[in-house]
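Asks: Here's a sequence, model it:
(one chain, ligands or ions: 1)
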Amino acid sequence: MDALADLYAIRVADLVVGFGHQTVLDHLSLDVRRGEILGLVGASGGGKSVLMRTIIGLIPKQGGHITVMGRDTERGLGRGTSVAATWGILFQQGALFSSLTARQNVKFPLRETLDISEKLQDEIATAKLEMVGIAADDWDKFPAQLSGGMTKRVALARALALDPGIVFLDEPTSGLDPIAAGDFDQLIKTLQTTLGLTVFMVTHDLASLNVVCDRVAALADGKIVAIGPMADLMQSEHPWVRAYFHGKRSEMLRPKQD
Ligand SMILES: Nc1ncnc2c1ncn2[C@@H]1O[C@H](COP(=O)(O)OP(=O)(O)OP(=O)(O)O)[C@@H](O)[C@H]1O
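Replies: Residues are numbered from 1 along each chain as shown. Predicted structure coming up:
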């Protein structure tokens, strides 16, 4: 593995993606460093989900290159490297299988991917549930019996079931109250530190961007128009980035002037 592959978990270069006559991503380039939490912001309908889904191979690209952990995704991830072990995904909608308990949900990728005993699957699943802060009393509850915050945690436990190096989170705190959202942010930060995870997070949550993200990337006009720590994004001259971070709703990001 070369030095750049050591440095970057994901490299996207000159990516073009579109549907019919619509170009959504227009020669977009983005590097995600290993072990960082990168937040992606952009206007609604601007292509954040399309970018995430293209990286994980759900949407075909029309041009450009994507490498994940040093491997070109078009050539596959290499012998013995399964996609599920490379990344875990927490989708915004439909996070869990409603007919399976929390524990069964986390066991699902283990059962599908690994040839291990039921007992070991149980042990791994409960360890992951503990890791994300789900109490034993809740392991055998069905999704309908869990709160929104608990559902997100179980979905995260499932995304982490196979010990991936990267997790993709699509608006992980949407629908959570500020306390639950703050707790979830803290959990992501802890997992980054303890597991060395790389986190690619699409979010509109200004508090998450400010508190947990090492860097923030702004997507506008099909490209990454600004990237860096929040403090740098706050200084960006790009009109959309200025409007996003200096609008009425982002007042909380700025120190109060007396
Ligand atoms: N499978 C698809 N077929 C056709 N068009 C699509 C498809 N997926 C996305 N699009 C279009 O691509 C554009 C970008 O959509 P995308 O879902 O990536 O936006 P987004 O930035 O994630 O928005 P939001 O913040 O509202 O979730 C939209 O115009 C959308 O209609």
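Asks: Please put the alpha-carbon coordinates of stretch 54-67 into PDB.
Replies: Extracted in PDB, the C-alpha atoms of stretch 54-67 (Å, rounded to 0.1, in the frame of the first residue of the first chain):
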ATOM      1  CA  THR A  54     -21.900   6.500  -5.800                       C
ATOM      2  CA  ILE A  55     -18.900   5.900  -3.500                       C
ATOM      3  CA  ILE A  56     -20.500   2.800  -2.200                       C
ATOM      4  CA  GLY A  57     -21.400   1.600  -5.700                       C
ATOM      5  CA  LEU A  58     -25.200   1.900  -5.600                       C
ATOM      6  CA  ILE A  59     -25.200   4.500  -8.400                       C
ATOM      7  CA  PRO A  60     -23.000   4.200 -11.500                       C
ATOM      8  CA  LYS A  61     -20.600   7.000 -12.400                       C
ATOM      9  CA  GLN A  62     -20.200   8.500 -15.800                       C
ATOM     10  CA  GLY A  63     -16.600   9.600 -15.300                       C
ATOM     11  CA  GLY A  64     -13.800   9.900 -12.700                       C
ATOM     12  CA  HIS A  65     -12.200   7.600 -10.200                       C
ATOM     13  CA  ILE A  66     -13.000   6.400  -6.700                       C
ATOM     14  CA  THR A  67     -10.600   4.600  -4.500                       C
END
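Asks: That one vs the ligand: in contact?
Replies: No - Stretch 54-67 lies out of reach of the ligand by Cβ under 6 Å from any ligand atom, never closer than 6.6 Å. Placement of C-beta: from N, CA and C, glycine included.
Asks: who touches that stretch?
Replies: Applying Cβ atoms under 8 Å, 6 or more residues apart in numbering, the contact partners of stretch 54-67 are 5, 8, 10-18, 25, 27-28, 50, 53, 68, 72-74, 83, 87, 89, 168, 200.
Asks: could you say which helix or strand contains V225?
Replies: strand 223-228 (DSSP states H and E).
Asks: Other residues contacting the host helix or strand of Q121?
Replies: Applying DSSP H and E as the criterion places Q121 in helix 118-131. With Cβ under 8 Å, 6+ apart as the contact definition, helix 118-131 has outside contacts at 102-103, 106-107, 110-111, 114, 116, 136, 138-139, 154, 157-158, 160-161, 191.
Asks: Mind checking which of the residues you listed are in helices?
Replies: A102, R103, V106, K107, L110, R111, V154, A157, R158, L191 (DSSP state H).
Asks: farthest pair in the residues you listed?
Replies: Spanning the widest gap among the ones in helices among the contacts of helix 118-131 are R111 and L191, at 22.8 Å by Cβ to Cβ.
Asks: More neighbours: which of these two?
Replies: L191 (18 against 14; other Cβ atoms under 10 Å).
Asks: Quick one: residues contacting that one.
Replies: By Cβ under 8 Å, 6+ apart, the neighbours of L191 are M131, L160, V167, L197, V199.
Asks: cool, and C213?
Replies: I37, L38, G39, M201, M230.
Asks: if we go to 6 Å?
Replies: Neighbouring residues of C213 by Cβ atoms under 6 Å, 6 or more residues apart in numbering: I37, G39.
Asks: picking that back up, neighbouring strands for the strand holding V225, and are they parallel or not?
Replies: Strand pairing for strand 223-228, determined by DSSP bridges: strand 215-220 (antiparallel).
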